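A.B. asks: Whatever this is, show me its structure:
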Amino acid sequence: MARLAILFAAAHRPLFLAGVLNFALLMMWWTATLFDIHIWPIGMPSNDFPAALQHAPVMLYIMLPAFFFGFLLTVFPRWIGYADLRQIQYLPVGCAFIIASILAYYALFAGQHYWLAAALCVAGFGWLIALWHMVLLILAERRDGKGPTWHAWSAFAALCLSLAGLGFSVVFLITLDGQAYLVASSIGTFGFLLPIFFTVAHRMIPFFGSNVVKDYVSWRPYWVLALLWIFLIAHLLFSLGGYNAMRFVSASVLCALTAILLRRWWPSQKAPGLFMVLIWGFAWAPIGFAMIAVASLIEYTASGIGLALAPVHALYIGMAGSLVIAMVTRVTLGHSGRPLAMNRIAWLAFWGIQLAAVARIVAGARGEHGHWLVLAGLIWVLLVTPWVWRQAGMYLSKRADGKPG
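C.D. replies: Just a heads-up that it's a prediction; the model follows:
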C-alpha cells in the first residue's frame, strides 16, 4: 500500500511508469517476434493476424499516450495558470493506462488480437477522462478572460483528433480492415504523435535553453506552430488519398520548417547534456521529413527504388524515441528532487536509440531486411532497458529531497 501511495502521489508517476515499461516490453515482444520470423523459430504465438500490424497500435495509442498524459496532466494546468490536478482527477487516467498495458501484453504474448482491441478501449476510457479535465480548464480560461494559451489548445486538438485514430485501430483489430489500419496509423503519426511532440518542443526547448545556456535567444513564434499544423494535416490527407506528388510538397515544407526551428534553437555556446539531447533528438525531424519527401518522389516517378518504412521510423525511433528519453529523464529528475543532469544510464539509452534508428533505416533501405530489423530491436532492448528500470524505480520511490509529490 505504501508503494501505491507513492506511485499515485503525482500525475506523472503512474503514467510514466506505464510508459517506460511499455518502452521496454513492446520492443522485447517485437524483437522476439522478428527473431522468430527471420532468424530461428522460438515458439512465438502465430495466427492469421499479422504480428507486424499489432505493434503500431500499441505504440501510438498506449505507449506514447501514457507519456503524453503524464506530462500534460502535470503542465496543462500550469500553462493556463491554474492549480495542479487533484489525485481523484488524474488517478483514473493512470489506472486506465496501467490496465490497458496489462491487457495489451496479454494479447501480444498470447496472440489474441481481440484482447488488444479491449486494451485500446480501456486506454480510450482514460483518454476521455483526461480530455474532460482539460476541457474544463480551457473553459475556465475563457470564462476568466485569459489566454488563449495556444500550446494548450494545440495539445488538446491533437489529443481529440487522435481519438478518431484510436477508434479506427479498434475497428481494424475487430474487422481486420486494412483501410482502417491505414487511417489509424496515419492519424496517429501526423495528427497525434508529431503535433504533440512539436507543440511540447515549441514551448519547452526555448524555455529550457534560456535557463541553462548563456545569452540564449528564446525563439518560438506561433506562426511556425500554425504552419506545422497546416502541413501535417495536409500531409495526412495526401497520404490517405495516395497523392504522392503532393506528399512530396508537404514533406518538403515540413522538412524546411523543422530545419528552421533546429537552426534557431541550436545553442551558440556550450550547453549541458540534458539540453543537447533535446536538440539532437529534434534533429531527426528534418531528416525524417527529407526521407519522406524522397520516398514520395520515388513512388511518384515509379523508379523501382524504395525506402520501405525507413522514413517514418526515422521519426518514430529517431525523433520520438530520442525525445522520450530526453524529456522523461528531465521531468523525472526534476520531479523526484534529483540533480538535472544526464547520467551514464540515460546516455546509454539515448545513444542506443540513435543506433537502433540507424539500423532500422538500413533495414528499410534494404527492403525490410530481417537481420537488420532484429539488430535494431536488440540494440533497443539491450541499451534502453537499464534506463527503463532506473526510471521505474524512481516512480515507486519517494522524492530524494523529501518534498511531497
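A.B. asks: contacts, neighbours, all on C-alpha from now
C.D. replies: Fine.
A.B. asks: could I get stretch 63-79 in CSV with only the CA atoms?
C.D. replies: Provided in CSV are the C-alpha atoms of stretch 63-79 (Å, rounded to 0.1, in the frame of the first residue of the first chain):
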residue,chain,number,x,y,z
MET,A,63,2.8,3.5,-25.0
LEU,A,64,3.2,7.1,-26.2
PRO,A,65,-0.1,8.5,-24.8
ALA,A,66,1.0,7.3,-21.4
PHE,A,67,4.0,9.6,-21.6
PHE,A,68,1.9,12.4,-23.2
PHE,A,69,-0.8,12.4,-20.5
GLY,A,70,1.8,12.0,-17.7
PHE,A,71,3.4,15.2,-18.9
LEU,A,72,0.3,17.2,-19.9
LEU,A,73,-1.7,16.4,-16.8
THR,A,74,1.2,17.9,-14.9
VAL,A,75,1.9,21.0,-17.0
PHE,A,76,-1.5,21.7,-18.7
PRO,A,77,-3.0,23.5,-15.6
ARG,A,78,0.3,25.4,-15.1
TRP,A,79,0.4,26.5,-18.8
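A.B. asks: Let's test this: mean pLDDT of the strand or helix carrying Ser101, rounded?
C.D. replies: Using DSSP states H and E, Ser101 maps to helix 87-110. Across helix 87-110, the average pLDDT comes to 96.
A.B. asks: Nearest spatial neighbour of the spatially most central residue of the chain, chain-adjacent residues omitted?
C.D. replies: Closest to where the C-alpha atoms of the chain average out (Cα atoms, centre = their mean) is Leu64, at 4.1 Å. Leaving aside its sequence neighbours, Leu64 sits nearest to Gly19 (Cα to Cα, 6 or more residues apart in numbering; 6.6 Å).
A.B. asks: residues near that neighbour, how many?
C.D. replies: By other Cα atoms under 10 Å, the residues close to Gly19 number 29.
A.B. asks: what sits against it?
C.D. replies: Shown in contact with Gly19 (Cα atoms under 8 Å, 6 or more residues apart in numbering): Ile62, Met63, Leu64, Pro65, Ala66, Phe67.
A.B. asks: still on that earlier bit, could you pull up phi and psi at the residue nearest to the centre of the chain?
C.D. replies: As for Leu64, its main-chain torsions (degrees, to the nearest 10) stand at phi -70, psi -40.
A.B. asks: and the gap between it and Val20?
C.D. replies: 9 Å (Cα to Cα, to the nearest Å).
A.B. asks: Same check on Ala96?
C.D. replies: Counting by Cα to Cα, the gap from Ala96 to Val20 is 15 Å.
A.B. asks: hmm, back to that, give me the subset of the contacts of Gly19 that lies in strands.
C.D. replies: Among the contacts of Gly19, the subset assigned to strands under DSSP state E is empty.
A.B. asks: who wins for neighbours among the residues you listed?
C.D. replies: Compared across the contacts of Gly19, Ala66 has the highest neighbour count, 31 neighbours, by other Cα under 10 Å.
A.B. asks: Return the residues in contact with the nearest residue to Ala290 once chain neighbours are set aside.
C.D. replies: Excluding the flanking residues, the one nearest Ala290 by Cα to Cα, 6+ apart is Cys255, at 5.7 Å. Contacts here follow Cα under 8 Å, 6+ apart; on that basis Cys255 touches Ala285, Pro286, Ile287, Gly288, Phe289, Ala290.
A.B. asks: Can you lay out those residues as JSON lines showing pLDDT?
C.D. replies: Below are the contacts of Cys255 laid out as JSON lines (pLDDT from 0 to 100):
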{"residue": "Ala285", "pLDDT": "98"}
{"residue": "Pro286", "pLDDT": "98"}
{"residue": "Ile287", "pLDDT": "98"}
{"residue": "Gly288", "pLDDT": "97"}
{"residue": "Phe289", "pLDDT": "98"}
{"residue": "Ala290", "pLDDT": "97"}
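A.B. asks: Out of those, list just those in helices.
C.D. replies: Ala285, Pro286, Ile287, Gly288, Phe289, Ala290 (DSSP state H).
A.B. asks: ok, those residues vs Leu116, which is closest?
C.D. replies: Gly288 (29.1 Å; Cα to Cα).
A.B. asks: wait, the closest one sits on Pro311?
C.D. replies: Yes. Shown here, Gly288 and Pro311 form a contact pair, counting by Cα atoms under 8 Å, at 5.4 Å.
A.B. asks: thinking again about what came up before, can you tell me which of the ones in helices among the contacts of Cys255 is closest to Pro14?
C.D. replies: Nearest to Pro14 among the ones in helices among the contacts of Cys255, counting by Cα to Cα, is Ala285 at 28.7 Å.
A.B. asks: Could you count how many residues lie near the closest one?
C.D. replies: Other residues lying near Ala285 total 26 when counted by other Cα under 10 Å.
A.B. asks: In this structure it contacts Met319, no?
C.D. replies: Yes. In terms of Cα under 8 Å, Ala285 counts as a neighbour of Met319; the distance is 6.0 Å.
A.B. asks: any idea how far Val328 lies from Gly334?
C.D. replies: Using Cα to Cα, Val328 is found at 10 Å from Gly334.
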